[in-house]
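Novice: Below is the sequence, then the predicted model.
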Amino acid sequence: LGLSGLSPAEGQAVHRDLKRARLNLVLANDLHLVYLITPIRIDINMKHEHWEKFWDLYLRFCDLDNAVAKAVDLKQSVLLKRRGSSTDPESERIARRFYVALMLRDLIEERTHNQVAEKFAVPAGTIQSLQDQSIMFASKLRIVCQRLGWADMEALIGKFQSRMSFGTQDDLLDLAEIPGMKTFRARILYD
């Protein structure tokens, strides 16, 4: 884990998350993999309005999103408590990371930075920064997976790292990798 650039505490958390994901990975939608490439330590200032937004989104989760929430141990009680007071740090870290994963998922569903920023009530620059951080974090995860001999997870994370880089769905990835090709142009060509 030392060569990945993660601190010992982050390395332990990453190992725990990846090990758990290898046993319970929800592949029926993108959210679980997006959660995994969302950095462990997220520096996002979640105000009361963000926790309220998160709660509203949580209440509308589809069955697959609920399965991912369960797989990563997102506790409903944290969302209820954070709307009013603090909770234990680990559960809050998971909740913050999940909230950011929801933002990042919107990016790979080909929504613009401005659309995601408006939906989640954060500056567009924050969305760009989170995207960049997740791409870097995915690189670290790939090194961890390589060192652990988990080629399956390394391949999945690598695919999502590329998708996050281009902010695109899987079907556009080959087109999006063409130099100068924007996602919206790739979508027009593909459709």
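Specialist: On my side now, so go ahead. From a predicted model like this one, the values you see are computed outputs, not experimental measurements.

Novice: got the contact list for the longest helix that the chain contains?
Specialist: If you go by DSSP state H, the chain has its longest helix at helix 124-148. Helix 124-148 is contacted from outside by 1, 3-6, 11, 14-15, 18, 34, 36-40, 42, 44, 100, 103-104, 107, 113-114, 116-117, 120, 151, 153-154, 157-158, 160-161, 164-165, 167, using C-beta atoms under 8 Å, 6 or more residues apart in numbering. Any C-beta I mention is one placed from the backbone N, CA and C, and that applies to glycine too.

Novice: thought F98 was touching D73?
Specialist: No - applying C-beta atoms under 8 Å, one finds F98 not in contact with D73, separated by 9.7 Å.

Novice: Those two: which has the busier surroundings?
Specialist: Neighbour tally, F98 and D73, criterion other C-beta atoms under 10 Å: the higher count belongs to F98, 25 against 14.

Novice: Okay, buried residues for the helix or strand harbouring E10 please.
Specialist: Following DSSP states H and E, one finds E10 within helix 8-24. For helix 8-24, a neighbour-count test (16 or more other C-beta atoms under 10 Å) marks 10-11, 13-14, 17-18, 21 as buried.

Novice: CA-only coordinates of that helix in CSV, if you can.
Specialist: Extracted as CSV, the C-alpha positions of helix 8-24 are listed here (Å, rounded to 0.1, in the frame of the first residue of the first chain):
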residue,chain,number,x,y,z
PRO,A,8,-1.7,4.2,6.6
ALA,A,9,-5.2,5.1,7.8
GLU,A,10,-6.4,5.7,4.3
GLY,A,11,-4.8,2.5,3.2
GLN,A,12,-6.6,0.5,5.9
ALA,A,13,-9.9,2.1,4.9
VAL,A,14,-9.3,1.5,1.2
HIS,A,15,-8.4,-2.2,1.9
ARG,A,16,-11.5,-2.6,4.0
ASP,A,17,-13.8,-1.0,1.4
LEU,A,18,-12.3,-3.0,-1.5
LYS,A,19,-12.4,-6.2,0.4
ARG,A,20,-16.1,-5.6,1.3
ALA,A,21,-16.8,-4.6,-2.3
ARG,A,22,-15.3,-7.8,-3.7
LEU,A,23,-17.9,-9.7,-1.7
ASN,A,24,-20.9,-7.5,-2.2
